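Participant: how does the following fold in three dimensions:
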Amino acid sequence: HFGNAASLQKVANWAGVGKGTVTLVTRRVLTAILRPDFMSETVRLPTPVEKEKAKAWVEAHSCRAWRNGWCMVDGTLVPLADRPYFYGESYFDRKSNYSLNIQIISLPN
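Facilitator: Coordinates of the predicted model:
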């Protein structure tokens, strides 16, 4: 087995539920996250007011010169247990694993 060893059975054992429940809950969580109304509320650029508040926060918590550094960016690789069936080579990373690259851009405040 490759990846993080998070098989359905291991997750089910850890959570004290059946494998079917793990599949059902995973499907429900992903369905909720991918709903268009949720995406439009959470995955968006900040408004001018939100951007100005973030700039003020940076200036108040660091120094005036960094005021325009109003957003934070971070990323990580999430390893996959197996090569994806479709376009598997696209998931092959620089560390010779199959993974998803996740990047978060957020406001500091």
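Participant: where does pLDDT dip in the protein?
Facilitator: Low-confidence segments of the chain (pLDDT under 70): 1-6.
Participant: per the record, what domains does it have?
Facilitator: Domains of the chain are assigned by automatic domain parsing as 1-44, 48-109.
Participant: now those domains in a markdown table, with mean neighbour count?
Facilitator: C-betas here are computed from N, CA, C, even on glycine. Supplementary listing: those in a markdown table, determined by neighbours: other C-beta atoms under 10 Å:
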| stretch | mean neighbour count |
| --- | --- |
| domain 1-44 | 11 |
| domain 48-109 | 12 |
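Participant: ok, now how distant is the residue of the chain most remote from its centre from residue 56?
Facilitator: Relative to the centre of the chain, and counting by C-alpha atoms, centre = their mean, the farthest-placed residue is residue 64 at 30.7 Å. Distance, residue 64 to residue 56, by C-beta to C-beta, to the nearest Å: 11 Å.
Participant: residue 14 too?
Facilitator: Taken as C-beta to C-beta, the span from residue 14 to residue 56 is 43 Å.
Participant: now swap in residue 72 and tell me
Facilitator: 15 Å.
Participant: likewise residue 19?
Facilitator: Here residue 19 is placed at a distance of 50 Å from residue 56 (C-beta to C-beta).
Participant: with residue 108 instead?
Facilitator: 11 Å.
Participant: check residue 66 too.
Facilitator: With C-beta to C-beta as the criterion, residue 66 and residue 56 are 12 Å apart.
Participant: ok, now residue 73?
Facilitator: Distance, residue 73 to residue 56, using C-beta to C-beta: 20 Å.
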